[in-house]
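Novice: Test case, fold it:
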Amino acid sequence: MVTNFISEKAKIGDNVQIWHFSYVGDDVEIGNNVKIGSLAHIDYNVKIGENTKIEGQAYIPPLSRIGKNVFIGPAAVLTNDPYPMCNKMIGVTIQDNAIIGARAVIKAGVTVGKNSVVSMGAVVTRDVPENSVVMGSPATIRYTRDEYDKKQREWKES
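Specialist: Numbering: from 1, shown residues only. The predicted structure follows:
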């Protein structure tokens with residue numbers, strides 16, 4: 001039998017898909033048309049905007065805010081404790097239309113701006129400005145979202 005744990009205190013929007021063995025904690029708010037992959041962990045007091053997709057094995061810690069139309073890749077990890085082990089927590093903010101690549105790690109308190117891209121495997125220790133693409137460890141700006149979109153179009157057409 002496939003089971004998920006979804007808190008009775010969670011507010012789940014319409015047409016939400018939560019795949020196998022996922023966890024959704026207390027006071028989570030999930031917007032309409034959200035997809036959450038297998039083995040994802042959405043901890044307490046998280047807000048997720050509509051049309052967002054969170055892939056399998058992603059960890060979204062308490063107090064995080066995820067905007068609309070966001071993509072979070074497989075095994076991405078957001079954190080909420082800037083100085084472990086501390087009792088004072090702060091979430092991560094991912095603004096609308098952002099893309100977070102597979103296995104990216106984002107430090108507690110960081111904001112990823114609207115329309116930005118965090119590449120796979122990046123380690124994000126500072127805020128990411130809107131419309132930028134960051135890569136590496138620590139992540140640095142490599143180009144703009146417009147350049148990213150152009151590369152994506154060229155890839156699709158090749």
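
Novice: got a list of contacts for the lowest-mean-pLDDT helix or strand in the chain?
Specialist: Every helix and strand in the chain was compared by mean pLDDT, DSSP states H and E; the lowest is strand 5-6, with a mean of 90. Residues outside strand 5-6 that contact it (C-beta atoms under 8 Å, 6 or more residues apart in numbering) are Ile12, Ile18, Ser22, Tyr23, Val24. Backbone N, C-alpha and C define where each C-beta goes, glycine included.

Novice: Direction included, what does it pair up with?
Specialist: Paired strands of strand 5-6, with direction, are strand 23-24 (parallel) (DSSP bridges).

Novice: avg pLDDT for the strand it pairs with?
Specialist: When pLDDT is averaged along strand 23-24, the result is 94.

Novice: Beyond it, next helix or strand please.
Specialist: Going down the chain from strand 23-24, the next helix or strand is strand 29-30, by DSSP states H and E.

Novice: who wins for neighbours among the contacts of strand 5-6?
Specialist: Val24 (24 neighbours; other C-beta atoms under 10 Å).

Novice: OK, contacts around it?
Specialist: Val24 makes contacts with Asn4, Phe5, Ile6, Ser7, Ala10, Ile12, Ile18, Ile30, Ile36, Ile42, as judged by C-beta under 8 Å, 6+ apart.

Novice: now those residues: which count as buried?
Specialist: Neighbour-count burial (16 or more other C-beta atoms under 10 Å) is assigned, among those, to Ile6, Ala10, Ile12, Ile18, Ile30, Ile36, Ile42.

Novice: Dump these to CSV, plus distance to Leu63 and secondary structure.
Specialist: Output for these, formatted as CSV (distance: C-beta to C-beta, whole Å; DSSP: H, G, I helix; E, B strand; the rest coil):
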residue, distance to Leu63, secondary structure
Ile6, 19, strand
Ala10, 15, coil
Ile12, 19, strand
Ile18, 20, strand
Ile30, 15, strand
Ile36, 18, strand
Ile42, 12, strand
